[in-house]
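[1] okay, sequence plus prediction incoming.
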Amino acid sequence: MSLLGIDVGTTGCKTCAFSIEGDLLAAAYEEYDILRGQPGWSEMDVPRVWEKIKQTIRAVATQTRHDPVRAIAVSSLGEAMVPVTNDRRIAGPSLLNNDVRGEEFLDELRLRLDNARLYNINGNTLGNHYSLTKLLWLRAHRPEVWHAADKFLLWGGFVPFMLGADPVVDFSLANRTLLFDIAQAKWSRELIGGVGLEETRLPGLAPSGTAIGTISTAMADDLGLPHDVLLATGAHDQCASALGCGAILPGRAMLGMGTYLCLVPVFNGRRSPELMMPRGLNTEHHAVPGQFVSFIYNQGGVLLKWYRDTFAVADHEAARQTGADVYQMLLAEMPAGPSRVIVLPHFTATGPPDFITDSCGVITGLHLDTSRGEILKGILEGSVFYLRECVQALPETGIEVNEIRVVGGGSKSTEWVQLAADILGCPLLRPQVTEAGALGAAIMAGVASGAYASFSDGVEASVRIERPFEPAPQLKARYDDRFLHYAQLWPRMKGYVQMPAERPQKKGSS
C-alpha cells in the first residue's frame, strides 16, 4: 500500500507516492504558466492546471502498480479559489493572491471591520492577497462566473472534489479566505454576512487528515488508480511542509528555503493579538490538531536568482550547456566566515513585521578587492538576518523556537543551511526527504485511511533526519556583531531608500 501526496503550487505541481515507512516510490512534476491578461492581473488557467495535475497522477500511478495507492491528500497554495458547479465543472478562473483585482474594496472593508476585530476572529489582518477581495471582485465584475458557480473551492479542496470527494476544505486553507472563525473552527457569520456573501457558496470544513470521499470510478479508470482510493483533507502548503519535516511540536519550526525564506514556528494555544499584531504575526491552524503556526518570511531564492542573472550570466549559460549546477558553482565561491558586505534584502515588498512596499535593496561594504562570492554571501546573510530580527521578537509573544527543520530547494545547499544555523544560533535539521509538502500530504492521507494512528505516528514512521547543522560558536559570535550592523541599515537609510526611484529607460527612449 502506498500513499499519494499532491503538492499544488503557483507555477507547478508535484505528485509523489510514498511507502508507509516514508520511502519515495515515485514522483512526477509538471509546470504551468500564470495568465496575465492585463497589467497587475495574475490568475491560474484552471482547466490547464487540472490537466497537468492529472498527468502527474497518471505518471505516478503507472509506477506504483506493484504497490497500489490507498489514499490521497493535497498540499496547496493558499488564497486562490476555483469556481465550480455541483456536477464538478470548472466555472471560471482562479485569481492568485498577488492579483491586484479586489483592491477597490479595501477602503470600504476597513470602514466595516477594523483589524483588531478581524484578527480576533480570523487571526489575520486585512489585505488584498486573501480570497475575500477576489470573491467581491468576481461578484461585481464577472457576474456570469459568479452566478454559474455553486461553490468556490481552495485548491486543496478543489483537487479532491474533482476526483470525487465532497466539497470540503481543511481549517488552515479556510483561514486564508479571511472568512473563517479560527476559535470556533467554522465559517464566521459575522465576516460572511458583513460583506453580503452566502455560506452555501463556500466548502464544508474538516480538520486535516479527514476522510471526505472515495475516488470516482471514472477518475480511477482515467488515472490508472484503484477504485477504492480514499480522498482526504490536506492543508495549506506551509503547514503540510511543516508536517512533512516533523515540525509538529511547540518549540519546533520549519524553515522553507524556496523563492522566499519562510519560517513557520509551531505553538499550542492562540497568543494575544496585542502581542502578535505589532510584530506582523498571523495565526493559523496547523495541520496537526491542537497546534497553531505563524509565518515569518522574506525574499530568499529569488535573490539568489537575481544574483545569478546579474553577476553570472555567462556562467549560467555555460552550465546550461554542460548540465552543471550553476548555483553550486556560485555558492562554492563564497569566502569562509562572515562577508564584509552587508545587504538590506528589500528588493521587493517585504514580509513581517512591517510589510514594506516602498523600499529597495541596499548593498554596503564594497571595496576594490570585493569578490562576487563575497557579494553573494552578503546577500544570503542578509536574507537570514531579516528572519533573525523577527525571530528575536518571538519570546515576547510566548512562542519559542529551539529547533528548526529545513526544507525546500535552498536546503540542498550545505553552505546556506550552515550559514543560517550560525546566524540564527539554533540547530537546523535537514530531513532525508526534501519534498516535505508532498510527504506531509501523504501523512495526512495515511491518518485519514488508518495507516497511521496519529500525526505523530506518521511523522515517526516516515520522517528521517539526514543530518544536523549546529551553530559554530566562533562564527555565531562574529555574526552577532555583523547583525548589529545589519540592524542599523534600515533605520538609518529609511528616509533615502523610500524615495521614488527612476526606472532605467530603454535604449533610444527619451
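    Noted; the coordinates are in hand.
[2] for Asn97, give its distance to Arg405.
    When distance is defined by CB to CB, to the nearest Å, Asn97 is 25 Å away from Arg405. Quick note: C-beta positions are derived from backbone N, CA and C, even for glycine.
[3] helix, strand or coil for the closest residue to Glu403 other than its chain neighbours?
    Nearest residue to Glu403, sequence neighbours excluded (CB to CB, 6 or more residues apart in numbering): Arg252, at 5.1 Å. Judged by DSSP: H, G, I helix; E, B strand; the rest coil, the three-state class of Arg252 is strand.
[4] okay, now Arg252: neighbour count?
    22 (other CB atoms under 10 Å).
[5] now Arg110: phi and psi?
    Backbone geometry at Arg110, expressed as degrees, to the nearest 10, gives phi -60, psi -30.
[6] quick one: the helices in the stretch 1-150 of the chain?
    For the stretch 1-150 of the chain, applying DSSP state H, counting those that start in this stretch gives helices covering 46-63, 106-112, 115-122, 131-141, 143-148.
[7] who wins for proximity to Ala247 among these?
    Of all these, helix 115-122 sits nearest to Ala247, with 22.9 Å by CB to CB.
[8] which strands and helices sit next to the closest one?
    Using 3 or more CB pairs under 8 Å, 6 or more residues apart in numbering; DSSP states H and E, the elements in contact with helix 115-122 are strand 180-181, helix 189-194, helix 273-276.
[9] for the closest residue to Gln63 other than its chain neighbours, give the beta-bridge partners.
    The shortest distance from Gln63 to any non-neighbouring residue, by CB to CB, 6+ apart, is to Ala26 (3.6 Å). For Ala26, the beta-bridge assignment (DSSP bridges) gives partners Ala17.
[10] just to check, Ala26 is in contact with Thr64?
    Yes - using CB atoms under 8 Å, Ala26 is in contact with Thr64, at 5.4 Å.
[11] what sits in contact with each of the two?
    Residues touching both Ala26 and Thr64 by CB atoms under 8 Å, 6 or more residues apart in numbering: Ala17.
[12] adding mean neighbour count, write the helices of the stretch 1-150 of the chain out as TSV.
    Output for the helices of the stretch 1-150 of the chain, formatted as TSV (neighbours: other CB atoms under 10 Å):
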stretch	mean neighbour count
helix 46-63	18
helix 106-112	12
helix 115-122	17
helix 131-141	21
helix 143-148	13
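[13] low-confidence stretches in this protein?
    499-510 (pLDDT under 70).
[14] all the strands of the stretch 301-450 of the chain, residue numbers only.
    342-344, 362-364, 401-407, 428-431 (DSSP state E, counting those that start in this stretch).
[15] sheet partners, orientation included, of the third one?
    The partner list of strand 401-407 in its sheet, established with DSSP bridges, is strand 251-257 (parallel), strand 428-431 (parallel).
[16] out of the ones you listed, nearest to Ala71?
    Nearest to Ala71 among the strands paired with strand 401-407 is strand 428-431 (21.6 Å), distances taken as CB to CB.
[17] contact partners for Ala420?
    Contacts for Ala420 (CB under 8 Å, 6+ apart) come out as Leu255, Met257, Val384, Ile404, Val406, Leu428, Phe469.
[18] could you export these as JSON lines, including distance to Trp490 and neighbour count?
    Supplementary listing: those in JSON lines, determined by distance: CB to CB, whole Å; neighbours: other CB atoms under 10 Å:
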{"residue": "Leu255", "distance to Trp490": "22", "neighbour count": "33"}
{"residue": "Met257", "distance to Trp490": "23", "neighbour count": "26"}
{"residue": "Val384", "distance to Trp490": "15", "neighbour count": "27"}
{"residue": "Ile404", "distance to Trp490": "24", "neighbour count": "26"}
{"residue": "Val406", "distance to Trp490": "26", "neighbour count": "27"}
{"residue": "Leu428", "distance to Trp490": "25", "neighbour count": "24"}
{"residue": "Phe469", "distance to Trp490": "28", "neighbour count": "20"}
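[19] what is the nearest of those to Gln38?
    Using CB to CB, the contacts of Ala420 come closest to Gln38 at Met257, 32.9 Å.
[20] state the distance from that closest one to Ala28.
    23 Å.
[21] and Gly5, how far is that from Gly209?
    For Gly5 relative to Gly209 (CB to CB), the value is 12 Å.
[22] which neighbours do these two share?
    Ala73, Ile443, Met444, Ala445.
[23] out of those residues, give me the two with the largest separation.
    Ala73 and Ile443 (8.2 Å).
[24] what's the closest of the strands of the stretch 301-450 of the chain to Gly234?
    strand 401-407 (16.5 Å).
[25] and that closest one, which residues are buried?
    Under the neighbour-count criterion of 16 or more other CB atoms under 10 Å, strand 401-407 has Val401, Glu403, Ile404, Arg405, Val406, Val407 buried.
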